[in-house]
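# what's the 3D shape of this:
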Amino acid sequence: MIDPDTQTGWVPEAETEDDADDMPLSLRLSIADTLTLGNATCGFMAVYFTTTGILIPHLTGSDESGMARHSAATAVILMLMAAIFDLFDGLVARKLRSSPMGAELDNLSDLISFGLAPAYFVLVYGMVADDAHQRVSALAAIVVLLAVVLRLARFSCVTMKDGMFQGMPSPFGALTVISIVLLELPFVPTLLAIIGVAWLMVSRVEYPKPRGVLAVAMLGWIVSAMGLLAAWALDAPGGQLLLQTGCALQVVLGAVIPLFATARRVNTFRGNRREARAAQLP
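I've put the predicted structure just below:
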């Protein structure tokens, strides 16, 4: 039958149900997509705990430092969990079917967990730390957020050689920024280090992708960091020292990898020049 008002055919109810069963692949979530959504959820909850456990008690004049420490640890653990989800969704996507919208979901989730969450953590740090400057910290938070936005956008447009990232990966950058804040250094060194990490994320420095042994090492490092944060949050003996040691190692690792990558790039360039000169000789 034809509807005289719309001049379109009426679709029987049975056919409508069949169309619902034949949902296009672009609207179906794969297992990898579910892990990616877990990444986004962890990032959002990290913002929640940073707000309710650190910022609000500070604004209301609460002296419960233990609650602030516990909430800070919870927020960072959630960001670490987001990194685990981000690690596994890529591994699962390579092994199993991935939906067409998987790449878009991954970028949006990374923006929440490794852009918004660490930038907000820096912003709150500038509001609650005794020697920090709120407006300057807000500027540093914006720099971190924009660095992640630019890095994710470039990742979608630039094709790199297999096994390498261009610029510090956003999960690694986010964890390094958080480690810098948790080290409780003076404000100026903290600010300069955060801006340095933001620059590394948009730089052309090459970083290896976490695959094989490197992926296992990264997972072990994240789990160890969770243990250090738990010990610090529960005020365990030596927890503060363990936390600072772990954060310092993260910062050192973030500084050493670019040096090795740059040295390798220079050596490769010199080797290519030597080969080109040798080929020109008679």
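
# Please, where are all the strands along the protein?
164-166, 206-208 (DSSP state E).

# Export the ones you listed as TSV, with columns for mean pLDDT and distance to Ala68.
Where C-beta positions appear, they are placed from N, C-alpha and C, glycine not excepted. Below are these laid out as TSV (pLDDT from 0 to 100; distance: least, Cβ to Cβ, whole Å):
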stretch	mean pLDDT	distance to Ala68
strand 164-166	77	34
strand 206-208	77	33
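
# Identify whichever of those strands lies nearest to Cys42.
strand 164-166 (21.2 Å; Cβ to Cβ).

# for stretch 168-183, what is the average pLDDT?
Confidence for stretch 168-183, expressed as mean pLDDT, is 91.

# So in this protein, which helix runs the longest?
helix 239-280 (DSSP state H).

# export the strands of the chain to JSON lines and tack on distance to Asn39 and mean neighbour count?
Shown next, in JSON lines, are the strands of the chain (distance: least, Cβ to Cβ, whole Å; neighbours: other Cβ atoms under 10 Å):
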{"stretch": "strand 164-166", "distance to Asn39": "17", "mean neighbour count": "16"}
{"stretch": "strand 206-208", "distance to Asn39": "19", "mean neighbour count": "17"}
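
# how about TSV for those, with distance to Leu145 added?
Listed next are those as TSV, based on distance: least, Cβ to Cβ, whole Å:
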stretch	distance to Leu145
strand 164-166	19
strand 206-208	20
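
# Please spell out the segments of the stretch 151-282 of the chain that come in under the pLDDT threshold.
159-163, 261, 269, 281-282 (pLDDT under 70).

# follow-up on the earlier one: among the strands of the chain, which comes closest to Arg270?
Here strand 206-208 is closest among those (Cβ to Cβ), at 16.5 Å.

# partner strands of the closest one, parallel or antiparallel?
Using DSSP bridges, strand 206-208 pairs in its sheet with strand 164-166 (antiparallel).

# what's the offset of the partner strand from the middle of its chain?
15 Å (Cα atoms, centre = their mean, to the nearest Å).

# same thing with stretch 35-48?
For stretch 35-48, the distance to the chain centre is 11 Å (Cα atoms, centre = their mean).

# what comes into contact with it?
Counting by Cβ atoms under 8 Å, 6 or more residues apart in numbering, the neighbours of stretch 35-48 from elsewhere in the structure are 29, 75-76, 78-79, 81-82, 85-86, 88-89, 92, 102, 105-106, 108-110, 112-114, 116-117, 120-121.

# same check, this time on stretch 242-256
Against stretch 242-256 from outside (Cβ under 8 Å, 6+ apart): 168, 172-173, 175-176, 179-180, 182-184, 193, 197, 200, 224-225, 228-229, 231-232.

# which among those residues end up buried?
Among those, those classed as buried by 16 or more other Cβ atoms under 10 Å are 168, 172-173, 175-176, 179-180, 182-183, 193, 197, 200, 225, 228-229, 231-232.
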